[in-house]
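Trainee: missing the sequence, but the structure's below:
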Ligand code: MG
């Protein structure tokens, strides 16, 4: 199932993406979720970020090929940090480059969406707590990250977390092609097979620290090929079996 959140007229709802239309559902994927009778043509609705998380947890340096590209050692446990939920935007929403950064970059990532409240989940049971997977662009002001020696500021600007277009529920997250395109040109290309820590280990690791709530998002790291974005660009994160997340880049 490909779960979407969308706006039709003034109403926001969840639904299932089925080709060029959406089957409307009542409730939410975290409570009671039932298929309704109405369908909407995709072209007549606005797709929103498929979830509104209480927190966005990120994992750094989680691709073997990206660690090699950066000349960094393979971490012995997942490197964890937070991105504020106010960074969140949906498909086609603009990424706004702040004037205090001269180098804003894309990072294509597979994101895990949590289904049920959990704490201290063993890796072997992690899938029970995962609703599904979506595309995420961990937009980063690289110059500020280098200057600060951390990403707390560089990854936290409003609009720096496009996610979507859907939450795919029936995919193997550890064997998906992941790509980023800028203006149609391929910039990042890898497979989630290259992840150092698979999603189950990541959920176990993060949930040992903090309680995860329904809708929380965990971004699982980016493959090689990260690079700059300029106002006027159009950036796309594409993940096999999930879809394509496209956003224009603008200046403030
Ligand atoms: Mg990242």
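Mentor: Yes, it's here. Remember, predicted model here, so these are calculated numbers, not experimental data.

Trainee: so who does the closest residue to residue 1 other than its chain neighbours touch?
Mentor: Leaving aside its sequence neighbours, residue 1 sits nearest to residue 169 (CB to CB, 6 or more residues apart in numbering; 4.7 Å). (Glycine included, C-beta is placed from N, CA and C.) Residues counted as contacts of residue 169 (CB atoms under 8 Å, 6 or more residues apart in numbering) are 1-3, 131-132.

Trainee: among these, which ones are in strands?
Mentor: Using DSSP state E, the subset of the contacts of residue 169 located in strands is 2-3, 131-132.

Trainee: ignoring the adjacent residues along the chain, who's closest to the residue of the chain most remote from its centre?
Mentor: Largest separation from the mean C-alpha position in the chain: residue 37, at 29.7 Å (CA atoms, centre = their mean). Of all residues not flanking residue 37 in the chain, residue 24 sits nearest, at 7.6 Å (CB to CB, 6+ apart).

Trainee: how about that neighbour, secondary structure?
Mentor: Per DSSP: H, G, I helix; E, B strand; the rest coil, the local secondary structure of residue 24 is strand.

Trainee: repeat that for the one 5 residues further on.
Mentor: Following three-state DSSP, residue 29 is assigned to coil.

Trainee: can you count the residues close to the residue of the stretch 1-150 of the chain found nearest the ion?
Mentor: Going by CB to the ion, the ion is nearest to residue 138 of the stretch 1-150 of the chain, at 3.5 Å. Neighbour count for residue 138, taken as other CB atoms under 10 Å: 28.

Trainee: shouldn't it be in contact with residue 155?
Mentor: Yes - in this structure residue 138 lies within contact range of residue 155 using CB atoms under 8 Å: 6.5 Å.

Trainee: overlap in contacts, the two.
Mentor: Overlap of the contact sets of residue 138 and residue 155 (by CB under 8 Å, 6+ apart) consists of 58, 83.
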